[in-house]
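Student: model the structure of this input:
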Amino acid sequence: MDVQEVRKLDAYLKRLFGNPKIRVVPRPKKDDSAEVYIGEEFIGVLFVDDEDDDRSFQFQMAILEDDLVEQG
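Tutor: Modelled structure (predicted):
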């Protein structure tokens, strides 16, 4: 995943979710994925899928049970 591709994904996710705080950040020493943040909070990883000459991206986000507990 090169810098230009990361920028395109960053702009796409900001438009898709209407949230300018979303950031796509390259991963150190990895060229097949990037990290996704909202503000400073890490929310998931985007992976490149190059099978069958059809490039696409998979977003993986883990949600912990503790995150589902209502605050207050």
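Student: report the residue spans of the protein with pLDDT below the cut-off.
Tutor: Residue ranges of the chain with pLDDT under 70: 71-72.
Student: for it, just list every one of the strands.
Tutor: Remark: strands assigned in the chain by DSSP state E are 22-26, 33-38, 41-49, 56-60.
Student: so who does Gly44 touch?
Tutor: Going by C-beta atoms under 8 Å, 6 or more residues apart in numbering, Gly44 touches 35-36, 59-62. Placement of C-beta: from N, CA and C, glycine included.
Student: redo the residues you listed as CSV? Include neighbour count.
Tutor: Below are the contacts of Gly44 laid out as CSV (neighbours: other C-beta atoms under 10 Å):
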residue, neighbour count
Glu35, 17
Val36, 21
Phe59, 12
Gln60, 10
Met61, 10
Ala62, 9
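Student: nearest to Leu9 among these?
Tutor: Val36 (8.5 Å; C-beta to C-beta).
Student: distance of the closest one from Leu13?
Tutor: 7 Å (C-beta to C-beta, to the nearest Å).
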